[in-house]
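Peer 1: okay, sequence plus prediction incoming.
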Amino acid sequence: MAAVTVPVAPSYFQYDQQGVVFNMWYFAWFDDAMTQFLGDAGYPYTVMNAEGFDVQLVHTEADWREGVRYGEQVLIDVTTEQVGSTSFTLSFTVRVGRQERSTGRTVYVVVSTDGSGKRAVPPRLRAALESALAENQS
């Protein structure tokens, strides 16, 4: 599976006094991109929830090279970076055309929807993530 590319339509209210998208919005974009990535990987978020699983963000980080300006068409490429026993890491590349503007990574832990704590990565999710990981490393 290749990277999933997610289009983003920045809203006027997301821009700050410097005329660029305020940094906190990138993290919201990453979270939205994660749900689309899971669906495209074959394990939609709604199915995961129906099967009793959810994910919690435990670490996120971002680096900026240049801000996104008003009117620019934004794309986020999402790939699997790592899959562990109870967690996985996704990488995000924010770009305008071919120009990379920001990169990020987020670590998610799989938890039970009944509140009983973390769980092993479900087999369907693991298969989808690992197929994306293998493609990224080839």
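Peer 2: Cool, the structure landed. Residues are numbered from 1 along each chain as shown.
Peer 1: middle-most residue in the chain, spatially?
Peer 2: Met34 (3.2 Å; Cα atoms, centre = their mean).
Peer 1: touching, that residue and Thr89? I think so.
Peer 2: No. Counting by Cβ atoms under 8 Å, Met34 does not reach Thr89; the two are 10.9 Å apart. Every C-beta, even on glycine, is put in place using the N, C-alpha and C of the backbone.
Peer 1: any common contacting residues for the two?
Peer 2: Common neighbours of Met34 and Thr89, counting by Cβ atoms under 8 Å, 6 or more residues apart in numbering, are 106, 108.
Peer 1: the helices in this structure, which residues?
Peer 2: 24-40, 45-50, 123-137 (DSSP state H).
Peer 1: what's in contact with the first one?
Peer 2: Contacting residues not belonging to helix 24-40 are listed as 1, 4, 6, 8, 10, 14, 44-45, 48, 55, 57, 60, 62, 64, 74, 76, 78, 90, 92, 94, 102, 104, 106, 108, 125, 128 [Cβ under 8 Å, 6+ apart].
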